[in-house]
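Q: got a sequence here, can you model it:
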Amino acid sequence: MFLKAALVLAVLALVIGVAARPSGGAGRSRSYVVKPADTLWSIAVATYAGDPREGVWKLEHRNHLTGTTVVPGQRLVLP
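A: Coordinates of the predicted model:
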């Protein structure tokens, strides 16, 4: 009896695993074009709720920036 229940659960888990689809919860990536007088801080304040330091950190890492300097016309991917 235990063997049958285990087998049924294993088959059910396999079917669910095969039928599952990715949720697509990440959504489309957004980009931002840097304007004159923009800083990472001002971009983080405008696009993220909460502590801007976390937004600055996310922007730096998502765009592989080695510092906080951005130039007008630069395209940043918003995480």
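
Q: what are the phi and psi angles of the nearest residue in space to residue 36 that is not next to it in sequence?
A: Leaving out its chain neighbours, the residue that sits closest to residue 36 by CB to CB, 6 or more residues apart in numbering is residue 72, at 4.7 Å. (Each C-beta comes from the backbone N, C-alpha and C, glycine too.) For residue 72, the backbone dihedrals (degrees, to the nearest 10) come out as phi -60, psi 140.

Q: got the contact list for residue 72?
A: Listed by CB atoms under 8 Å, 6 or more residues apart in numbering, the contact set of residue 72 reads 34-36, 38.

Q: quick one: the strands in the chain?
A: 30-33, 75-78 (DSSP state E).

Q: arrange the ones you listed in JSON lines, one row each, with mean pLDDT, distance to residue 20 and mean neighbour count as further columns.
A: Listed next are those as JSON lines, based on pLDDT from 0 to 100; distance: least, CB to CB, whole Å; neighbours: other CB atoms under 10 Å:
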{"stretch": "strand 30-33", "mean pLDDT": "92", "distance to residue 20": "27", "mean neighbour count": "12"}
{"stretch": "strand 75-78", "mean pLDDT": "94", "distance to residue 20": "28", "mean neighbour count": "14"}
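
Q: please, a PyMOL command that selects the buried ones among the contacts of residue 72?
A: In PyMOL, a selection of the buried entries from those looks like this (16 or more other CB atoms under 10 Å):
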select buried, resi 34+38
